[in-house]
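Enquirer: turn this into a model:
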Amino acid sequence: MILLLLVCWPIAELFVAIEVAQAIGILATVLLLIVSWPLGLLLVRSEGRAAWWRLSAAVAEGRPPAREVLDGALVMTGGALLIVPGFITDVIGLVLLAPPTRALARLGIVRNFQSRLVVRATRFSAPPGPADVESTATDVDHAQLHP
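Expert: Below is the predicted model of the structure:
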């Protein structure tokens with residue numbers, strides 16, 4: 001799956017760049033790709049600073065900073081995607097940097113993590129033998145077991 005992504009991603013980025021160049025021109029396309037890099041750095045600085053303040057506030061209040069840590073990771077990922085040349089990565093990076101859409105991404109990640117955690121926890125806590133689904137088991141007196 002990863003190999004397929006590594007092969008298809010650059011092809012998709014090239015296709016989108018060609019389509020954008022046909023729509024707005026080659027010079028404008030190159031300028032957009034060049035401008036996205038410093039814009040990404042500026043957005044990472046501002047959103048990263050805000051995420052850091054929220055993290056510090058959570059620690060100062062004595063509550064677990066899980067949301068703030070995830071926000072910081074999403075901000076860094078969004079900034080890294082803005083620095084990578086390409087329109088698809090720029091759109092994903094902007095989505096991760098914008099607070100409303102970052103909240104949606106965070107919600108999706110948390111739900112995915114929780115469902116995987118539940119599946120793994122239930123896989124290991126299942127009884128080793130067959131379960132008494134029909135409730136036919138009965139209690140036996142301990143004296144009857146060892147004559």
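Enquirer: ok, which stretches of the protein are helices?
Expert: In the chain, the helices defined using DSSP state H lie at 2-24, 26-61, 66-83, 87-97, 99-125, 142-145.
Enquirer: how about those in a markdown table, adding mean pLDDT, mean neighbour count and distance to Thr136?
Expert: Bear in mind the C-beta positions are built from the backbone N, C-alpha and C, glycine included. Below are the helices of the chain laid out as a markdown table (pLDDT from 0 to 100; neighbours: other C-beta atoms under 10 Å; distance: least, C-beta to C-beta, whole Å):
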| stretch | mean pLDDT | mean neighbour count | distance to Thr136 |
| --- | --- | --- | --- |
| helix 2-24 | 92 | 12 | 49 |
| helix 26-61 | 86 | 14 | 52 |
| helix 66-83 | 86 | 19 | 45 |
| helix 87-97 | 91 | 19 | 54 |
| helix 99-125 | 77 | 11 | 23 |
| helix 142-145 | 70 | 7 | 18 |
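Enquirer: now the spatially most central residue of the chain: how far from Val59?
Expert: Centrality entry for the chain: nearest residue to the mean C-alpha point is Ile109, 4.7 Å, by C-alpha atoms, centre = their mean. Distance of Ile109 to Val59, computed by C-beta to C-beta, to the nearest Å: 21 Å.
Enquirer: same question for Leu5.
Expert: Distance, Leu5 to Val59, by C-beta to C-beta: 36 Å.
Enquirer: equivalent analysis for Leu82, please.
Expert: In terms of C-beta to C-beta, Leu82 sits 28 Å off from Val59.
Enquirer: one more: Thr77?
Expert: Relative to Val59, and taking C-beta to C-beta, Thr77 is found at 22 Å.
Enquirer: how about Ile11?
Expert: Distance of Ile11 to Val59, given as C-beta to C-beta: 44 Å.
Enquirer: likewise for Ser115?
Expert: 28 Å.
Enquirer: one more: Asn112?
Expert: 26 Å.
Enquirer: and Ala23, by the same measure?
Expert: In terms of C-beta to C-beta, Ala23 sits 47 Å off from Val59.
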